[in-house]
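S.K.: Sequence first, then the predicted structure, then my questions.
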Amino acid sequence: MFKYSSLLLSLICLCSCADKASKTTTNEPTRPPNIVLIFTDDQGYQDVGVFGATNIETPHLDQMAKEGVKLSSFYAAQAVCSASRAGILTGCYPNRIGIHNALMPNSPVGLNPTEITIAELLNSKGYKTAIHGKWHLGDAAKFMPNNHGFDEYFGIPYSNDMWPLHPLQGSVFNFDPLLLYENETVIDTLTDQSNLTTLITERSIDFIHRNKNNPFFLYVPHPQPHVPLYVSSKFKGKSKRGLYGDVIMEIDWSVGQILESLKENGIDDNTIVIFTSDNGPWLAYGDHAGSALPFREGKGTAWEGGQREPFIIRYPKKLKAGTTIDTPVMAIDILPTIAEITDIPLPDNVIDGKSVWKVLTGETDESPQEAYFFYYKTNELHGVRYGKWKLYFPHRYRTMNGQENGANGLPGKYAQIDLKEIELYDVVSDISETKNVAADHPEVVEKIQLLANDMRAKLGDKLIGIEGSENRPAGSIE
């Protein structure tokens, strides 16, 4: 009798404990996901193994793609440094918010403090936020990261080659010291940038360790592989692609270190990790530049090689591993996607991006955007992506075709090409943009022109003298 009573008592206890565990699980608030955005500088589409690299090893990025989602038609917001960063952080076409081209040191303009960044959006919901790497949205105090929602900043304020603080002095490798910031204070001058990627990685890992118990946003905009190229002794001479390949291998190592730290801290499944680049390769630098193949042209152009970038997103809790998505997505869509995932209202300011969460999860393969617009420099509308079509308006662009490539860190000279008529390409079947089919599809040309005219009315187009009605000014120093 005692035996059966003990068994009954044990069963009652087990059921009670299970019920308590169920209630505890049900009542526990769901912790919002951490977000890590890794953003390289001038890295080409073909500079990652899963995107076609044959002479550069990127095992960590390749594994990240196996465990996540790869986008084959992801576009930077613009084909140049500052503008591209403004686009991904604010969800706006850069020209909407007055950020053009690449801002120089001591620039009188920068990202307007009234614009809302991903960091500010997440900060409002209790996220800890950090940027470790290159900022490049204005180096005056009012424009720096701590005034744009970042709790922590460690890195450099603009590109690693920029005049006047480190101009060329006879040799491409002879620079004045590069200023290294921690928050608003210069903490060091880097006469040698060889260990900068390692320092950024170590700071990133430390931030993850310190914030494992609360949601965080970590933005890691690596200054490399922008020229001049620097790599630590850990990877020097390790690749089959020379110094450029060594640099990419170290960036891949950095990605691996960040992913490993998430696993060590038990937050791997609930962390969204994104990897992409700010624009295509700076082709003038030849063996010190990446590859955008099979796409046409590179950095500084609206052609596919200038703005179509490698993109991998990993989120084990929600996204199906090993997926490739061909639906077009642009950097302006990242902010609203993060806002949807974290259930945060969008900024009051008008933005251009739209959430692509349903595209990433596979719920739909239809883009929420009717078209993407490719502006460059001073508000010139160069092209439009509409479905499988890419249309280019007459404009001037630069090319290295037929030119002597740069070598050993010295650039070659671009030729300037005037595109005199509208050109149309099917960038699904003709990814290298070799056959202009505008004459064969007048109805497509007409439709895209109507879309372009609507956007010109909003954001303007310097090429044909149209002022936009919705442009907002960049921040400025009085």
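M.R.: Here it is on my side, so go on.

S.K.: Name the spans of this structure whose pLDDT lies under the cut-off.
M.R.: 1-29, 163-177 (pLDDT under 70).

S.K.: The stretch 1-150 of the chain: helices as residue ranges?
M.R.: Secondary structure of the stretch 1-150 of the chain (DSSP state H, counting those that start in this stretch): helices at 2-27, 59-66, 81-90, 118-123.

S.K.: so what secondary structure elements neighbour the helix or strand where Gln449 lies?
M.R.: Gln449 belongs to helix 442-459 when assigned by DSSP states H and E. Secondary-structure packing of helix 442-459 (3 or more CB pairs under 8 Å, 6 or more residues apart in numbering; DSSP states H and E): strand 372-376, strand 380-386, strand 389-392, strand 423-426. C-beta here means a position set from N, CA and C on the backbone, and glycine is covered the same way.

S.K.: After it, which helix or strand is next? Please name it.
M.R.: strand 475-476.

S.K.: now what about that next one, what contacts it?
M.R.: Pro108, Val109, Gly110, Leu111, Asn112, Pro113, Thr114, Gly138, Lys142, Phe143 (CB atoms under 8 Å, 6 or more residues apart in numbering).

S.K.: Tabulate the helices and strands packed on helix 442-459 in a markdown table, adding columns for distance to Leu319 and mean neighbour count.
M.R.: Shown next, in a markdown table, are these (distance: least, CB to CB, whole Å; neighbours: other CB atoms under 10 Å):
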| stretch | distance to Leu319 | mean neighbour count |
| --- | --- | --- |
| strand 372-376 | 22 | 25 |
| strand 380-386 | 24 | 23 |
| strand 389-392 | 27 | 23 |
| strand 423-426 | 29 | 21 |
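
S.K.: so can I have a markdown table of those showing distance to Gly475?
M.R.: Shown next, in a markdown table, are the helices and strands packed on helix 442-459 (distance: least, CB to CB, whole Å):
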| stretch | distance to Gly475 |
| --- | --- |
| strand 372-376 | 19 |
| strand 380-386 | 22 |
| strand 389-392 | 32 |
| strand 423-426 | 36 |
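
S.K.: burial count for Tyr414?
M.R.: 16 (other CB atoms under 10 Å).

S.K.: nope, Gly155 is what I was after
M.R.: 24.

S.K.: Over to it: give its phi and psi.
M.R.: Note on Gly155: its backbone torsions stand at phi 160, psi -160 [degrees, to the nearest 10].

S.K.: Is it correct that it is in contact with Asn183?
M.R.: No - with contacts counted by CB atoms under 8 Å, Gly155 stays clear of Asn183, the gap being 10.5 Å.

S.K.: Could I get the contacting residues of Asp41?
M.R.: By CB under 8 Å, 6+ apart, Asp41 lies in contact with Cys81, Lys134, Ser159, Pro221, His222, Pro223, Gln224, Pro225, His226, Ser277, Asp278.

S.K.: Any idea how many residues pack against the spatially closest residue to Gly460 that is not a sequence neighbour?
M.R.: Nearest non-adjacent residue to Gly460, counting by CB to CB, 6 or more residues apart in numbering: Gly468, 3.2 Å away. Using other CB under 10 Å, Gly468 has 17 neighbouring residues.

S.K.: which two from the contacts of Asp41 end up farthest apart in space?
M.R.: Ser159 and Ser277 (14.0 Å; CB to CB).

S.K.: now the strands for the stretch 51-200 of the chain?
M.R.: 69-75, 109-110, 128-134, 152-156, 178-182, 185-190 (DSSP state E, counting those that start in this stretch).

S.K.: what's the closest of the ones you listed to Pro345?
M.R.: That would be strand 128-134 among the strands of the stretch 51-200 of the chain, by CB to CB, at 17.6 Å.

S.K.: now for that closest one, which elements pack on it?
M.R.: Counting by 3+ CB pairs under 8 Å, 6+ apart, strand 128-134 packs on helix 118-123, strand 152-156, helix 196-210, strand 216-221.

S.K.: C-terminal to the last one, what's the next element?
M.R.: I take that to be strand 216-221. The first helix or strand that comes after strand 216-221 along the chain, using DSSP H and E, is helix 242-264.

S.K.: Tell me the buried residues in stretch 438-449?
M.R.: The neighbour-count check on stretch 438-449 (16 or more other CB atoms under 10 Å) flags Ala438, Val444, Val445, Lys447, Ile448 as buried.

S.K.: List the contacts of Tyr244.
M.R.: Here Tyr244 is in contact with Pro225, Leu229, Asp287, His288, Ala289, Gly290 (CB under 8 Å, 6+ apart).
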